[in-house]
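Just to be clear, the model below is a prediction. Sequence and coordinates:
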Amino acid sequence: MKPLALLIPLALLISCGNEAPRRSATSSSAPVAVQVSTAATQEWPAVYEATGTVRARTSGTISSQVMGYVQQVSVQVGDRVRQGQILVTLDARELEEGVRGAEAGLAEVRSAIPEAESAMAAAKANLDLAETTFKRIEDLAAKKSISNQEFDEASARVKAAQANYEMARSKRAQLDPRLARAEQQLRSATIMRDYARIAAPFSGIVTAKSVEPGNLATPGAPLLTIEQDGVYRLEASVDESRLPAARAGATVEVALEGVDRRLNACVSEVVPAVDAASRSSIVKIDLPAIPQLRSGMFGRAFFPLASRKVVEVPASAIVERGQLQSVFVVENGTARTRLVTTGQRAKDAVEVLSGLSAGEKVVAPVPTGLEDGARLEVRQ
């Protein structure tokens, strides 16, 4: 009887051990409730995507027109400046000396003018007196009341007075070009002195600075770079085969890094030259004024082309694992993983370039934890 008593508990243990795996297998094969969508062929507008860089429409490099040591730099990178604001001041002592010298020369010429005019007036008075006297002498000579000697002396006095008057007029006339030259020299010296105070040519923001107090500024050497704030454009590189789609005045969509929405922008210029190396041309697209814009940002421009047929699925059907993209295809009530290649996105739909055919059903949205081979319960 003892052997029989030992076999019964052993049989019970074996029976209990087999029951647990059976329940586990039953639970793991329970169908997963999902919703499905059919991959469909749709007409999508064809779009050509071009990449480019955001640049300021108006940008200026500030440099000095005269040589001199920098005394003061009034701005830093990122500062906003207004038109006419003084940005850099140079040592202007030599230029000031030039202005003072020109002022002295002008003052000298101007002081000579009253003297010359007085001399001319005196000479004119002498001439008038000599002419009046000569007329009287001439009348007396006609009456034989004076000698020939007296007549000749009166005539000589008129000629001498006339010569003195002409000389005085000539000296006064010579002062006019001297005055004009002195005024021009003063204007030139003043302009050169004003070059020592370098001002902003337009309102904007300082984007680069390569000068410090004490540096020697030379003509043409860049000191600052200013970009007109709020006026930017995207300069996109477009393949020459796609240039017909880029027309001046056309409206295109633009996507920029750091901006969470697409912008409507206008093509302002298509550069007619094509780069021989890249076989592309630059298309300039004026951007709307938004606070996030910065020069140098990366951007994409989307040029509309003719419509095309594509296979689309809901965006929620796409599973991304690193660089791989896949969908779960419904086959005989079972989920099967299918690698796909996707293209463009439009709202909640994704273009499937390969790996899926129109009419196949995919799981959308994909439940958390869904695996290849899982049984499915399709719900509407």
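Cool, got the structure.

okay, CA-based contacts and neighbour counts for the rest of this
OK.

Now do the same for residue 273: its pLDDT.
pLDDT, residue 273: 91.

where's residue 71, which helix or strand?
Element membership for residue 71, per DSSP states H and E: strand 68-73.

so what strands line up beside that strand?
Strand 68-73 has the following strand partners under DSSP bridges: strand 86-90 (antiparallel), strand 216-217 (antiparallel).

quick one: contacts of that strand?
Strand 68-73 is contacted from outside by 87-92, 196, 211-218, using CA atoms under 8 Å, 6 or more residues apart in numbering.

Over to stretch 189-204?
Stretch 189-204 has contacts (CA under 8 Å, 6+ apart) with 62, 64-66, 68, 80-92, 95-96, 98-99, 102, 226-229.

Average pLDDT for it, rounded please.
Rounded mean pLDDT across stretch 189-204 is 92.

That stretch: which residues count as buried?
Buried residues in stretch 189-204, defined by neighbour count with 16 or more other CA atoms under 10 Å: 189-190, 192-204.

which ones among those residues are found in strands?
Within the buried residues of stretch 189-204, residues falling in strands by DSSP state E are 197, 198, 199, 204.

Can you spell out which residues form a bridge with the last one?
In this case it means residue 204. Note on residue 204: beta-bridge partners by DSSP bridges are residue 81.

likewise the second one?
When bridges are assigned using DSSP bridges, the partners listed for residue 198 are residue 88.

Check the gap between it and residue 84 for me.
Separation of residue 198 from residue 84 (CA to CA, to the nearest Å) stands at 9 Å.

again with the last one
Computed as CA to CA, the residue 204 to residue 84 distance reads 11 Å.

One more: the first one?
If you measure residue 197 against residue 84 using CA to CA, the figure is 10 Å.

Break this structure down into its domains, please.
Domain ranges of the chain: 49-57+229-305, 60-91+196-227, 93-193, per automatic domain parsing.

can you list contacts of the helix or strand hosting residue 268?
Element membership for residue 268 (DSSP H and E) is strand 263-270. Residues outside strand 263-270 that contact it (CA under 8 Å, 6+ apart): 246-255, 281-288.

What is the subsequent helix or strand relative to it?
strand 280-286.

From residue 113, how far out is residue 45?
Residue 45 sits 83 Å away from residue 113, going by CA to CA.

got it, and residue 198?
Using CA to CA, residue 198 is found at 37 Å from residue 113.

Can you check the pLDDT for residue 86?
We have a pLDDT of 94 for residue 86.

follow-up on the earlier one: average pLDDT across the strand holding residue 71?
Per-residue scores along strand 68-73 average to 93.

Settle this for me: residue 126 is touching residue 161, isn't it.
Yes: applying CA atoms under 8 Å as the test, residue 126 and residue 161 come out as touching, 5.9 Å apart.

Return the member of the contacts of strand 68-73 nearest to residue 340.
residue 211 (55.6 Å; CA to CA).

where does this protein have its least confident helix or strand?
Sorted by mean pLDDT, DSSP states H and E, the helices and strands of the chain end with helix 2-28, the least confident at a mean of 40.

Now the element after that one, going C-ward?
Note on helix 2-28: by DSSP H and E, the next helix or strand toward the C-terminus is strand 32-34.

helices and strands around that next one, which ones?
In terms of contacts (3 or more CA pairs under 8 Å, 6 or more residues apart in numbering; DSSP states H and E), strand 32-34 is packed against strand 376-378.

helices or strands up against the strand it packs on?
strand 32-34.
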